[in-house]
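In: sequence first, predicted coordinates after that:
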Amino acid sequence: MKITLSVIKADVGSIGGHIKPSQKLLERVNEYVTQEGSGLLIDHYIGHTGDDVAILCTHQEGVGARKVHKLAWETFKKGTEVAKEEGLYGAGQDLLKDSFSGNVKGMGPGVAEMEFEERENEPFLVFCADKTDPGAYNLPLYLAFADPMHCSGLMLSPKMARGFKFTIMDVEYTRGDRVVELNAPEDIYDIAALLRDCERFVVESIHSRENGEQAAAVSTTRLHNIAGKYTGKDDPAMLVRVQGLFPATGEVLSPFAIGHYVAGFMRGSHVGPLMPVKKNSVISFFDGPPVVSCLAFCVHEGRFTEPADGFDQPYWDWVRNNVSRKATELRQQGFFGSAMLPYSELEYGGIVVKMEKINKKFKVRKKK
Ligand code: 13P
Ligand code: 13P
Ligand code: MG
Ligand code: MG
């Protein structure tokens, strides 16, 4: 059976700052999707990571389907109504446009989608990150799909011997989708050269070179490119099919043990280590640290099993402690040097205005 798997997420309001949505908001979102999605969606699951609500669903409308995107948009508007009623912080934060125009891409919410013929058994992972941007997935995807130090299947499984195709997007280009396709293993130095620049180049999708099947899809939205100013962090979602022709679940999770430094954290303007967290975790220290959750599902004829929590296992407690240490180390230098993002990424208008003012006071000394 051919199905489309979609995850669409947005921040439409949260409790106590940018911490988490309210129970009432989540209930309203679930009710609305259940009611209005009947006949359109095969199944759905609602969750949150930090202050972002994610709608995971299956249907047969294909990728970028107007009906499905409209349902998500209307759902987030319903969520915003609850946020306003309850006085939640940042009600409707990620809904950047006034009216729906066919596709939520470019309107604020993050979207990752794949259409595929279901395998006999179809395990997949859904990742949701908060307080960071889509480049946060560059390193883990590179390591899981191109490096046998993390993905032993690249050596051990004949089905993976031909490697994977990376589709990489230039997210600074805003007049359309500017993408390049590169193949691992032969292009890995080129892939690395692009992916090191997480703010500009972002993995959009990955395909198996064995049979062309799609393995991964990432939401590539950069909100400040849509709004032209800071309106919240992008907080990307990602879908990864696992096992068989694809890396095993544990191979995809392995790179998240690094707790690599990503852009985000407080006011979307700092650098912090990405902490793998359990389902429905909240945000705290310095509006962070940047977090990522992972739910593993199987889908059969479009219906989901209950989720298994990818990061709810004692090993990840140890990782979380290390990540806390890494966060503290960098936080000790406050705003200096590499603890804060470069000027080009400083998303709050404040510092831009400030710099313009100071700039006028500069004088060039006359040579004697
Ligand atoms: P099982 O034998 O438990 O199915 O594990 C196989 C495997 O390759 C896990 O990475
Ligand atoms: P969110 O994008 O998750 O709303 O975070 C915004 C922020 O600036 C936190 O400090
Ligand atoms: Mg928020
Ligand atoms: Mg968020």
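Out: Thanks, I have it. Ligands and ions are numbered 1, 2, ... in the order given.

In: every contact and neighbour count from this point should use C-alpha atoms.
Out: OK.

In: which element is N121 on?
Out: Under DSSP states H and E, no helix or strand contains N121.

In: which residues touch it?
Out: Neighbour list for N121: 298-300 [criterion: C-alpha atoms under 8 Å, 6 or more residues apart in numbering].

In: same check, this time on L56
Out: When contacts are counted by C-alpha under 8 Å, 6+ apart, L56 touches 5-8, 44-46.

In: pairing partners for it in the sheet, please.
Out: V7, Y45 (DSSP bridges).

In: state the distance from it to G302.
Out: Separation of L56 from G302 (C-alpha to C-alpha, to the nearest Å): 12 Å.

In: tally of neighbours for the residue in the stretch 51-200 of the chain that ligand 2 sits nearest to?
Out: For the stretch 51-200 of the chain, the residue closest to ligand 2 is K131, as judged by C-alpha to the nearest ligand atom, at 4.8 Å. Each residue near K131 was counted by other C-alpha atoms under 10 Å, and the total is 32.

In: for the contacts of N121, pick the one with the most neighbours.
Out: When neighbours are counted by other C-alpha under 10 Å, V299 leads those with 20 neighbours.

In: how would you label it: helix, strand or coil?
Out: Secondary structure for V299, judged by DSSP: H, G, I helix; E, B strand; the rest coil, is strand.

In: what about it, distance to P307?
Out: Counting by C-alpha to C-alpha - V299 and P307 are separated by 10 Å.

In: over to V202?
Out: Going from V202 to P307 by C-alpha to C-alpha gives 27 Å.

In: so which of those two has more stuff around it?
Out: Legend: neighbour count by other C-alpha under 10 Å for V202 and P307, higher for V202 (27 against 15).

In: so the more buried one belongs to a strand, correct?
Out: Yes: counting by three-state DSSP, V202 is part of a strand.

In: show me what contacts it?
Out: Applying C-alpha under 8 Å, 6+ apart to V202 gives the contacts 134-135, 137-138, 168-171, 195, 220.

In: what's the helix or strand for V292?
Out: strand 291-300.

In: which elements pack onto whichever helix or strand comes after that strand?
Out: Going down the chain from strand 291-300, the next helix or strand is strand 303-304, by DSSP H and E. Packing partners of strand 303-304 (3 or more C-alpha pairs under 8 Å, 6 or more residues apart in numbering; DSSP states H and E): strand 41-49.

In: near ligand 2, anything from the strand it packs on?
Out: No: under the criterion of C-alpha under 6 Å from any ligand atom, ligand 2 is not reached by strand 41-49; the shortest gap measures 9.3 Å.

In: what is that strand packed up against?
Out: By 3+ C-alpha pairs under 8 Å, 6+ apart, strand 41-49 packs against helix 23-36, strand 52-59, strand 123-130, strand 291-300, strand 303-304.

In: show me which positions of it end up buried.
Out: 41-49 (16 or more other C-alpha atoms under 10 Å).

In: buried residues, stretch 120-131. List them.
Out: For stretch 120-131, by 16+ other C-alpha under 10 Å, it's 122-131.

In: can you tell me the helix or strand for E356?
Out: Going by DSSP H and E, E356 is part of helix 349-361.

In: for the closest residue to P21 other than its chain neighbours, give me its contacts.
Out: Of all residues not flanking P21 in the chain, S14 sits nearest, at 4.2 Å (C-alpha to C-alpha, 6 or more residues apart in numbering). Neighbour list for S14: 20-22, 51, 83, 88-91 [criterion: C-alpha under 8 Å, 6+ apart].
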